[in-house]
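In: 3D, please:
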Amino acid sequence: PMIFLVLLAILSLLKAELNPRYCYFYTFVVGVCFGLCFLLRSFMIFLPMIALFPYLVWEHRRHRHLTNPILYLGFLLGLTPFFVWLWFNFLHYGIDSVRELWQFVFRLGFQERSGNGILFYLWNLPIKAFPWFFFSLLGLFLAWRRPIPRYQLILIGLPLVLFFELSLFSTRLPHYSLSLYPFMALLAAVGLDWLGKVGFDANMEIRDLGEDKQTTLTCTADFNNATYKNTPPALSRTLPDLRGELGTSVLHLNAKLYIKKVIRNLSYGIGVLAILLLLASILALIWGSADIRKYATVTLTLGYGWLILPLVWIGRYHFGKKYLNSNYWLAGWLIPAWLALAVAGSNGFLSDYNPQMRTFLAQPAIAQILQNHSIHFVKVGGKTGVLLDFYTPHHGEDVEQISELPVYSYAWISAKQAKNLSTPHRVLGTVQKYELIQVLP
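Out: This is a model prediction of the structure:
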């Protein structure tokens, strides 16, 4: 939700410039979006807001967003749900709720988790966003070389500033980089489109210039002293007048030939990867467990889909099927990814965030206890505690010691605590380092 609101705010900023008549409405939407983000991610919303500052400050003379009072009015209105939530938390938990909110910010800034150093996102993003991360680098380079007036600080500046902000924070986790993915997708689209139009669709063959149906051009570094071999007589008479243009043409031709080779090697390389995915998927489907077979269906779909890339290249440049243009090549990248996402969704990978927890709670004996009895919580916290709280229909009391519970009552307790219990109890099941126990007399 936070990423959606940030993107909606950016879109509203652009709409406010393109439609001055509705400027106040769009800037009001911007303020509301950032205010609501405070409720969703608290102080984390400051990262994309700071990343937008170069655009807001540098282009201020043109759009005047920062001096628009409606922007701040919308921000205050968007903060209203946050203040209401904070007030109810204060009434229930006291000042600890406010103190915990501030401590969360300091933990982000000073506590490193899981040994993720400052270079964490440099290797995590290429793996998680393969192959789009590398296309986004190409798109970033193209956008840098061919800047878009007025909006360069959004297209390039915002993702770069946001990347450095995330890297400087000591708490570096994979899901923190999700806010970068929309911009990576946009830049990857720029890179893929450029590769398709410049390299795949370009006709770079020089033929029918001589009796041998092929003209070979040899050019020295100094184009004024260029030499030409196997050049037809009619063309050789005009070449001395075209040396300057010819040098530039040769450079462009060499660049296009190089890009064509890159696309060819890329298509064949993905084809090899597709074959490896197919082989691994077939082996997993034959000898793998039930859980592995679910993942194998995703890789099988991706492997079959990526075979489109080398087949499109071979069909166009080896069998002369000219209708196989860059659109088919781009489809070879996109359709397999979409199909793989669909298969992953059908297998529950996108919605079933904790299958181990779901399977445990679905056991008949456990499900019967949860439905018919109140379950107490003995110092249960963290993300697993939130899940247990969510999946427990009849919530009991939150206690510090098991001795506070009545006999024959049920409770969630960490497995580490359960080992040191002197109170008689019976373990009914264990899931993710937490146990469901019954207190015995």
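In: in the stretch 101-250 of the chain, which spans are helices?
Out: For the stretch 101-250 of the chain, helices defined by DSSP state H, counting those that start in this stretch occupy the ranges 120-128, 132-145, 152, 158-168, 181-194, 233-236, 243-287.
In: worst average pLDDT in these?
Out: Of all the helices of the stretch 101-250 of the chain, mean pLDDT reaches its minimum on helix 233-236 (a mean of 47).
In: that older thread, now distance to residue 401 and mean neighbour count too, for the helices of the stretch 101-250 of the chain, in JSON lines please.
Out: C-betas here are computed from N, CA, C, even on glycine. Formatted as JSON lines, the helices of the stretch 101-250 of the chain follow (distance: least, C-beta to C-beta, whole Å; neighbours: other C-beta atoms under 10 Å):
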{"stretch": "helix 120-128", "distance to residue 401": "40", "mean neighbour count": "15"}
{"stretch": "helix 132-145", "distance to residue 401": "50", "mean neighbour count": "18"}
{"stretch": "helix 152", "distance to residue 401": "61", "mean neighbour count": "17"}
{"stretch": "helix 158-168", "distance to residue 401": "41", "mean neighbour count": "17"}
{"stretch": "helix 181-194", "distance to residue 401": "45", "mean neighbour count": "19"}
{"stretch": "helix 233-236", "distance to residue 401": "96", "mean neighbour count": "10"}
{"stretch": "helix 243-287", "distance to residue 401": "47", "mean neighbour count": "15"}
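In: distance to residue 363 added to these, as a markdown table?
Out: Formatted as a markdown table, the helices of the stretch 101-250 of the chain follow (distance: least, C-beta to C-beta, whole Å):
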| stretch | distance to residue 363 |
| --- | --- |
| helix 120-128 | 33 |
| helix 132-145 | 40 |
| helix 152 | 57 |
| helix 158-168 | 40 |
| helix 181-194 | 37 |
| helix 233-236 | 83 |
| helix 243-287 | 27 |
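In: those helices: which one's closest to residue 76?
Out: Nearest to residue 76, of all those, is helix 158-168, at 24.0 Å by C-beta to C-beta.
In: between that closest one and helix 120-128, how many degrees?
Out: Counting by axes from the mean of the first three to the mean of the last three C-alpha atoms, to 10 degrees, helix 158-168 points 120 degrees away from the direction of helix 120-128.
In: nearest residue to residue 421 in space, please, no chain neighbours.
Out: For residue 421, ignoring the flanking residues on the chain, the nearest one in space by C-beta to C-beta, 6 or more residues apart in numbering is residue 402 at 6.0 Å.
In: gap between the one you found and residue 410?
Out: 11 Å (C-beta to C-beta, to the nearest Å).
In: so which residues of the stretch 301-441 of the chain form strands?
Out: 375-378, 395-399, 410-414, 425-431, 434-439 (DSSP state E, counting those that start in this stretch).
In: next, the buried residues of the first one.
Out: Residues of strand 375-378 classed as buried: 375-378 (neighbour count, 16 or more other C-beta atoms under 10 Å).
In: ok, which of the helices of the stretch 101-250 of the chain comes nearest residue 349?
Out: Per C-beta to C-beta, nearest to residue 349 of the helices of the stretch 101-250 of the chain: helix 120-128, 14.2 Å.
In: the closest one vs helix 132-145, what angle?
Out: Using the same axes, to 10 degrees: helix 120-128 against helix 132-145 is 120 degrees.
In: show me the domain layout of the chain.
Out: The chain breaks down into these domains under automatic domain parsing: 1-110, 115-197, 201-346, 356-439.
In: these: lowest mean pLDDT?
Out: domain 201-346 (a mean of 71).
In: quick one: residue 118 from residue 373, how far?
Out: 49 Å.
In: more neighbours, the two?
Out: residue 373 (15 against 12; other C-beta atoms under 10 Å).
In: for that one, grab phi and psi.
Out: phi -140, psi 150 (degrees, to the nearest 10).
In: which residue is the nearest non-sequential neighbour of it?
Out: In space, residue 373 is closest to residue 410, 5.2 Å off (C-beta to C-beta, 6+ apart).
In: can you get me a residue count around that neighbour?
Out: For residue 410, using other C-beta under 10 Å, the count is 22.
In: what helices or strands is the helix or strand containing residue 61 leaning on?
Out: Taking DSSP states H and E as the criterion, residue 61 maps to helix 60-63. On a contact count with 3 or more C-beta pairs under 8 Å, 6 or more residues apart in numbering; DSSP states H and E, helix 60-63 meets helix 2-18.
In: what is the helix it packs on packed up against?
Out: helix 23-41, helix 46-58, helix 60-63, helix 181-194.
In: mind listing what's buried in that helix?
Out: 2-3, 5-6, 9-10, 12-13, 15-17.
In: for these, which one is nearest residue 56?
Out: Nearest member of those to residue 56, counting by C-beta to C-beta, is residue 13, at 8.2 Å.
In: nearest residue to that closest one other than its sequence neighbours?
Out: Counting by C-beta to C-beta, 6+ apart, the residue nearest residue 13 is residue 30, at 5.8 Å.
In: and for residue 277?
Out: Using C-beta to C-beta, 6+ apart, the nearest residue to residue 277 is residue 303, at 3.4 Å.
In: distance check, the residue most central in space within the chain against residue 119.
Out: Centroid-nearest residue in the chain: residue 181, 3.4 Å away (criterion: C-alpha atoms, centre = their mean). Going from residue 181 to residue 119 by C-beta to C-beta gives 19 Å.
In: residue 328 too?
Out: Distance from residue 328 to residue 119, by C-beta to C-beta: 38 Å.
In: the two: which has the busier surroundings?
Out: Comparing residue 328 with residue 119 by other C-beta under 10 Å, the one with more neighbours is residue 328, at 19 against 10.
In: give me the neighbour count for the nearest residue to the more buried one once chain neighbours are set aside.
Out: With C-beta to C-beta, 6+ apart as the measure, residue 312 is the residue that lies nearest to residue 328, at 4.8 Å, once sequence neighbours are left out. Residues within reach of residue 312, counting by other C-beta under 10 Å, total 22.
In: thought residue 312 was touching residue 332?
Out: Yes - here residue 312 reaches residue 332: they are 5.7 Å apart, a contact under C-beta atoms under 8 Å.
In: can you pull the residues that touch both of the two?
Out: Common contacts of residue 312 and residue 332 (C-beta atoms under 8 Å, 6 or more residues apart in numbering): residue 267.
In: shared neighbours of residue 402 and residue 410, anything?
Out: In contact with both residue 402 and residue 410: 437, 439, using C-beta under 8 Å, 6+ apart.
In: just confirm residue 187 contacts residue 136, I think it does.
Out: Yes - taking C-beta under 8 Å as the definition, residue 187 is a contact partner of residue 136 at 4.0 Å.
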